[in-house]
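Visitor: Prediction below, plus the sequence it came from.
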Amino acid sequence: MGTLRHEALEDLIKNKDRTKFDELPEAEAEGVQWAADYININTTDTHEMEWEQNGTIEAGDVTIKGRYDLVNGNKLFDLKNQLETKGKSYIPQVAAYALMIMTRDDLETFEAHLLYAAPKVVKTHTFTRAQAEKILSDVVDNVIRGELKPNSYCGWCNRAATCPAMTETANKLSEEFTTELEAYDPKNLADPVNLNRALTLCRSLKPFMEEVERMAKEHCINGGSLDGFDLKQRALPAKVKDLNEAFNAVGLTSEQFMSACSLTLGRLYDTFAQANDVSKAEAKRTVQALLADVFLPTAYTQSLTKSK
């Protein structure tokens, strides 16, 4: 969902294209629309809108690479979903982006706007070059000292597949179950204690596995091959660009045609707001009241998240 969220935001602002935006669930769409409104207010035509660009910065003997969401002059806009959990921080990530742009454009200060779509919260951080360099220096020193521990941020690192902290855990899985790993025996997963440990192990390996998958796919896309694996391409579902034209072409009654259609509420709220010259929040409240009798019961999904 994260990739679609970012693509929808870029298409919405850059191309005025709502195709991917309309694929988002209602709650996700609201967050992306909020982020788009914030970006439109806080950017300027004086500077280029640099979307999804790669950057590199040298920190001692370590090369740090990253891909930022949007840069406009001396401002970065980085779309997140939820606020950080306790003990986590996006500061090192955006400090790296800030230093990349400050070095490239010879800037002394840089603003990073972290846009948290779900709670609709903005956190703004202003970096000087010295501050950004100090933050990255501390991170690099940890790498040099080998103070590495698998965590939820490993997926951002291009060394996840070769990091000792990750490979040490992965290598244990290639061995037969030792006394140390007896608790992860899949035959004993009915035991909640064992299940908890097994889940913890799987979650810690996830960034490593995802990075290996990414590297393998990139290798094959670039013409390489891997024994036992084939690179497949599939077509995405076709979409209709003009509902009126489609209705006129298929020769169905309006009732028959409507039975095959679905309604994107986020887009309906936007259209209602524009047609009636009201805010989107007011349009949403009004439309929800008007449609109260035709809404289906609220559906819920469940996910297992790590306790804070």
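Guide: Arrived safely. Residues are numbered from 1 along each chain as shown.
Visitor: any idea of the mean pLDDT for the helix or strand hosting residue 5?
Guide: Assigned by DSSP states H and E, residue 5 belongs to helix 2-10. When pLDDT is averaged over helix 2-10, the result is 87.
Visitor: That helix: which residues count as buried?
Guide: By neighbour count on 16 or more other CB atoms under 10 Å, the buried set for helix 2-10 is 5-10. C-beta here means a position set from N, CA and C on the backbone, and glycine is covered the same way.
Visitor: and which of the residues you listed is nearest residue 214?
Guide: Nearest to residue 214 among the buried residues of helix 2-10 is residue 6, at 16.1 Å by CB to CB.
Visitor: longest single helix anywhere in the protein?
Guide: For the chain, the longest helix by residue count, based on DSSP state H, is helix 192-221.
Visitor: any idea which helix or strand comes after that helix?
Guide: Immediately after helix 192-221, counting by DSSP H and E, sits helix 243-250.
Visitor: tell me what that following helix is packed against?
Guide: Applying 3 or more CB pairs under 8 Å, 6 or more residues apart in numbering; DSSP states H and E, we find helix 243-250 packed against helix 254-259.
Visitor: in the chain, which spans are strands?
Guide: 49-59, 62-72, 75-80, 109-116, 121-128 (DSSP state E).
Visitor: Return the list of helices and strands in contact with the helix holding residue 5.
Guide: So helix 2-10, by 3+ CB pairs under 8 Å, 6+ apart, packs with helix 26-42, strand 49-59, strand 62-72, strand 75-80.
Visitor: Nearest to residue 277 among these would be which one?
Guide: Of the helices and strands packed on helix 2-10, nearest to residue 277 by CB to CB is helix 26-42, at 16.6 Å.
Visitor: got the angle between that closest one and strand 62-72?
Guide: 80 degrees (axes from the mean of the first three to the mean of the last three CA atoms, to 10 degrees).
Visitor: Convert the C-alpha atoms of helix 26-42 to CSV, please.
Guide: The C-alpha trace of helix 26-42 is given here as CSV (Å, rounded to 0.1, in the frame of the first residue of the first chain):
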residue,chain,number,x,y,z
GLU,A,26,-11.2,5.7,1.6
ALA,A,27,-9.1,6.3,4.7
GLU,A,28,-5.8,6.1,2.7
ALA,A,29,-7.2,8.5,0.0
GLU,A,30,-8.1,11.0,2.7
GLY,A,31,-4.6,11.0,4.0
VAL,A,32,-3.0,11.4,0.5
GLN,A,33,-5.4,14.2,-0.3
TRP,A,34,-4.5,16.0,2.9
ALA,A,35,-0.8,15.6,2.0
ALA,A,36,-1.4,16.9,-1.5
ASP,A,37,-3.1,20.0,-0.2
TYR,A,38,-0.2,20.6,2.2
ILE,A,39,2.4,20.3,-0.5
ASN,A,40,0.4,22.6,-2.9
ILE,A,41,0.4,25.3,-0.3
ASN,A,42,4.0,25.0,0.8
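Visitor: Quick check: mean pLDDT of that helix?
Guide: 91.
Visitor: residues making contact with it?
Guide: When contacts are defined by CB atoms under 8 Å, 6 or more residues apart in numbering, helix 26-42 is touched by residues 1, 5, 8-9, 12-13, 21-22, 24, 70, 75, 77, 79, 81, 113, 115, 117-118, 120, 122, 264-266, 270, 280.
Visitor: from what I can see residue 203 touches residue 306, true?
Guide: Yes - in this structure residue 203 lies within contact range of residue 306 using CB atoms under 8 Å: 7.3 Å.
Visitor: shaky segments in the protein?
Guide: 1, 60-61, 87, 142-189, 204, 307-308 (pLDDT under 70).
Visitor: any chance of the helices and strands packed on helix 2-10 in CSV, plus mean neighbour count and distance to residue 257?
Guide: CSV is the format used below for the helices and strands packed on helix 2-10 (neighbours: other CB atoms under 10 Å; distance: least, CB to CB, whole Å):
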stretch, mean neighbour count, distance to residue 257
helix 26-42, 18, 23
strand 49-59, 15, 37
strand 62-72, 18, 39
strand 75-80, 22, 36
